[in-house]
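Participant: quick one, what's the 3D model for this:
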Amino acid sequence: MHDVQGTQVRPDAAGGLREAKKAATRTQLTTAARRLAVEHGLDAVTVEMISSAAGVSVRTFFNYFETKDAAVLGPDQAVAPDAAISAFLAGRPTGALLDDLVALLDPSDQLAREGRDGVQQLFDLVSREPRVLAAFLTRGMAHEADVARLVALRLGLAEPTTACRTVAAAAVTVVRRGYAEWFADPGPAAPLRARIEQAARELVALVRPADPPAD
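Facilitator: Residues are numbered from 1 along each chain as shown. Alright, predicted model coming up:
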């Protein structure tokens, strides 16, 4: 296979370039959809407006998203990359379940795709647009169930138990709380990952039994 300059390109490399281009277009559409929804309200935004702002045709829009609401929410991603899931199932990186869940749910990839402003816009829309909130919660519950299944696999269980589902919910809540604290800081923000890890530490400190008094 060759590119337009005649340089030979491996098929796997060409496939990677195509996927990167698709990912970029998908991000452009989501960025445009969120910005327009924040500026005008979701009901006033049309697919045509989003497509124009993203520099693509309406037909291209529908190659990526079925509705404008789906574009605002953004593509549904796996809980974590395959390498991170494999590490978690192997008891890494720390061996402590909650700490390893926080590492598994590291939002760095989302931030790299969408930027702080893009994620902030999504959270703003979740708080004021009922349809976005409903879709966000539905996706969140599905992801939480996926996390619970991973916890069960790590513990050698056939199905998630109540404890698996509870620790999954706690980890997802810790990540969400870290986001909220990060967005609420008006000054130079600490890295998001640091905020999430702090929330996890504070949760553990709060629920851990106090040391018994010395005799």
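Participant: what segments of the protein are helices?
Facilitator: Using DSSP state H, the helices of the chain run over 11-40, 47-54, 58-64, 68-73, 82-89, 97-104, 108-128, 130-154, 162-184, 192-207.
Participant: redo the ones you listed as CSV? Include mean neighbour count.
Facilitator: C-betas here are computed from N, CA, C, even on glycine. Below are those laid out as CSV (neighbours: other Cβ atoms under 10 Å):
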stretch, mean neighbour count
helix 11-40, 16
helix 47-54, 18
helix 58-64, 14
helix 68-73, 22
helix 82-89, 15
helix 97-104, 20
helix 108-128, 15
helix 130-154, 16
helix 162-184, 17
helix 192-207, 16
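Participant: in JSON lines, list the ones you listed along with mean pLDDT.
Facilitator: Below are the helices of the chain laid out as JSON lines (pLDDT from 0 to 100):
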{"stretch": "helix 11-40", "mean pLDDT": "88"}
{"stretch": "helix 47-54", "mean pLDDT": "98"}
{"stretch": "helix 58-64", "mean pLDDT": "98"}
{"stretch": "helix 68-73", "mean pLDDT": "97"}
{"stretch": "helix 82-89", "mean pLDDT": "95"}
{"stretch": "helix 97-104", "mean pLDDT": "92"}
{"stretch": "helix 108-128", "mean pLDDT": "88"}
{"stretch": "helix 130-154", "mean pLDDT": "96"}
{"stretch": "helix 162-184", "mean pLDDT": "91"}
{"stretch": "helix 192-207", "mean pLDDT": "87"}
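Participant: next up, the contacts around the nearest residue to Ala70 once chain neighbours are set aside.
Facilitator: In space, and not counting its chain neighbours, Ala70 is closest to Ala135: 7.7 Å by Cβ to Cβ, 6 or more residues apart in numbering. If a contact means Cβ atoms under 8 Å, 6 or more residues apart in numbering, then Ala135 has 69-70, 73 as its contacts.
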